[in-house]
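Undergrad: okay, structure incoming, though there's no sequence with it:
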């Protein structure tokens, strides 16, 4: 099964799921980027994922294809 990252340049097209894992850990997942990040606070993982989405969109807008750090 192959997976293709989203080519959308609209940040509203990216879904972000956040779950509490244990007492002091949160996980943030974006299916369109097939990316999971973890952190200590809800706001932390939300902000980190938002930054990754913005980086991905910037790379798309620059015409460089897909962010290699997400592969």
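TA: That came in fine, so what should we check first? No experiment lies behind these values; they were computed from the predicted model shown. Numbers count the residues shown, from 1 in each chain.

Undergrad: flag the shaky bits of the chain, pLDDT-wise.
TA: Applying pLDDT under 70 to the predicted model, the residue ranges of the chain that meet it are 1, 64-71.

Undergrad: could you find the closest non-adjacent residue to residue 21?
TA: What sits nearest to residue 21 in space, not counting adjacent residues and going by C-beta to C-beta, 6 or more residues apart in numbering, is residue 27, at 5.1 Å. C-beta: built from backbone N, CA, C; applies to glycine.

Undergrad: and the one you found, how many neighbours?
TA: Here the number of neighbours of residue 27 (other C-beta atoms under 10 Å) works out to 16.

Undergrad: wait, it touches residue 45, no?
TA: Yes - using C-beta atoms under 8 Å, residue 27 is in contact with residue 45, at 6.7 Å.

Undergrad: shared neighbours of those two, which are they?
TA: Here residue 27 and residue 45 have 18, 37, 38 as joint contacts, going by C-beta atoms under 8 Å, 6 or more residues apart in numbering.

Undergrad: which helices and strands does the helix or strand containing the last one pack with?
TA: Pointing back at residue 38 there. Assigned by DSSP states H and E, residue 38 belongs to strand 35-39. When contacts are defined as 3 or more C-beta pairs under 8 Å, 6 or more residues apart in numbering; DSSP states H and E, strand 35-39 packs onto strand 26-30, helix 42-61.

Undergrad: quick one, which of those gets closest to residue 12.
TA: When the helices and strands packed on strand 35-39 are ranked by proximity to residue 12, the top entry is helix 42-61, at 10.0 Å, counting by C-beta to C-beta.

Undergrad: how much space between the residue of the chain positioned farthest from its centre and residue 39?
TA: The outermost residue of the chain relative to its centre, with distances by C-alpha atoms, centre = their mean, is residue 23 at 22.8 Å. From residue 23 across to residue 39, the span is 14 Å (C-beta to C-beta, to the nearest Å).
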